[in-house]
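> Everything below, folded, please.
(2 chains)
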2 protein chains.
Amino acid sequence: MTKEAAFPPPADKAGLEDGTIFTPNFDAHGLLPVVATSAETGEVLMLAYMNAEALARTIETGEAHYWSRSRGELWRKGETSGNTQRVVELRTDCDQDAIWMKVEMEGDGTACHTGHRSCFYREVPVGGSAAVGLPLTVVAGDKTQGS
Amino acid sequence: MTKEAAFPPPADKAGLEDGTIFTPNFDAHGLLPVVATSAETGEVLMLAYMNAEALARTIETGEAHYWSRSRGELWRKGETSGNTQRVVELRTDCDQDAIWMKVEMEGDGTACHTGHRSCFYREVPVGGSAAVGLPLTVVAGDKTQGS
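Model prediction:
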């Protein structure tokens, strides 16, 4: 944990909801879920996690940093792919345990490691029984890279 | 757990990413994070969680159901406030451990229990030091109800 990751401790319920100071409420693993949407199209690009250090670096640099749960390390988005995310706006929610960021994709505009523009490239049908395996439909026009 | 909540077990990595069958990958607590956006404006309304039963009911009824972590119970969104959410589209992400739903708000259009249209009603400044308490700014025009 770096010095700059020392956010104030979470306030009580009233302070979290109505307070004017950011006191992020990390979970038992020290993480917050983060929704990144395209500042251009509004599309949800990905859902990932930040620890205090990733959040502090994101705020200080204006570039999205996450905590990789699979690799167990700080992850500057795009550090290998070049598909970085410039933060246009960052918001917290009512109980300060989630983040919404509007980002501009740099590089080739691909947010997902599978080559899709968004990680949410498949639709689940709504309205029928959920008891059997539901067929997924790839959202047309989503892929920016060959597979 | 109701019968209809029996989703197929998660596939392997390739099956999760490229498969054509929905095999949601719940976390150790049996939950998935869900991003609800406004089908009309694209705005992120809330981030909440579903267990298998909430997900099955959402799919089968087309109305958003969540798992309330604070109350420890299934929660049909809007059952007390009337501010229900009709699901217009439901997507899963690359590793099938998160959901994006586009919803139409019913009732008075308020998604957040604080009376704001969206739970994400406060902006955190980006670009300065994160070492001190950062001031939150309420996003103008967001409140739909008096406080």
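> Now A:Thr61. Its backbone dihedrals?
phi -100, psi -20 (degrees, to the nearest 10).
> What is the neighbour count of it?
Per other CB atoms under 10 Å in any protein chain shown, the neighbour tally for A:Thr61 reads 14. From N, CA and C alone the C-beta is placed, and that goes for glycine too.
> Against B:Lys102, how distant is it?
31 Å (CB to CB, to the nearest Å).
> cool, A:Val124 as well?
From A:Val124 to B:Lys102 the distance is 12 Å (CB to CB).
> shared neighbours of these two, which are they?
Applying CB atoms under 8 Å, 6 or more residues apart in numbering or on different chains, one finds that A:Val124 and B:Lys102 are jointly contacted by B:Leu90.
> show me where chain A has strands.
Per DSSP state E, chain A carries strands over the ranges A:32-38, A:44-50, A:65-68, A:73-76, A:85-92, A:99-105, A:122-124, A:137-138.
> For those strands, give me JSON lines that also has mean pLDDT and mean neighbour count.
Formatted as JSON lines, the strands of chain A follow (pLDDT from 0 to 100; neighbours: other CB atoms under 10 Å in any protein chain shown):
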{"stretch": "strand A:32-38", "mean pLDDT": "98", "mean neighbour count": "23"}
{"stretch": "strand A:44-50", "mean pLDDT": "98", "mean neighbour count": "24"}
{"stretch": "strand A:65-68", "mean pLDDT": "98", "mean neighbour count": "20"}
{"stretch": "strand A:73-76", "mean pLDDT": "96", "mean neighbour count": "15"}
{"stretch": "strand A:85-92", "mean pLDDT": "98", "mean neighbour count": "20"}
{"stretch": "strand A:99-105", "mean pLDDT": "98", "mean neighbour count": "22"}
{"stretch": "strand A:122-124", "mean pLDDT": "97", "mean neighbour count": "21"}
{"stretch": "strand A:137-138", "mean pLDDT": "95", "mean neighbour count": "13"}
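> Need those in JSON lines (columns: distance to chain B).
Below are the strands of chain A laid out as JSON lines (distance: least, CB to the nearest CB, whole Å):
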{"stretch": "strand A:32-38", "distance to chain B": "5"}
{"stretch": "strand A:44-50", "distance to chain B": "4"}
{"stretch": "strand A:65-68", "distance to chain B": "11"}
{"stretch": "strand A:73-76", "distance to chain B": "14"}
{"stretch": "strand A:85-92", "distance to chain B": "4"}
{"stretch": "strand A:99-105", "distance to chain B": "4"}
{"stretch": "strand A:122-124", "distance to chain B": "5"}
{"stretch": "strand A:137-138", "distance to chain B": "8"}
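> Can you redo the ones you listed as a markdown table, where the extra columns are distance to B:Ala98?
Output for the strands of chain A, formatted as a markdown table (distance: least, CB to CB, whole Å):
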| stretch | distance to B:Ala98 |
| --- | --- |
| strand A:32-38 | 8 |
| strand A:44-50 | 4 |
| strand A:65-68 | 13 |
| strand A:73-76 | 17 |
| strand A:85-92 | 17 |
| strand A:99-105 | 14 |
| strand A:122-124 | 12 |
| strand A:137-138 | 17 |
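> And those: which comes nearest A:Asp18?
Set against A:Asp18 and scored by CB to CB, the strands of chain A come closest in strand A:85-92, at 12.6 Å.
> ok, residues contacting that closest one?
For strand A:85-92, using CB under 8 Å, 6+ apart, the contacting residues are A:22, A:24, A:36, A:39, A:45, A:58-59, A:62-64, A:77-78, A:98-106, A:111, B:120-124, B:126, B:136, B:139.
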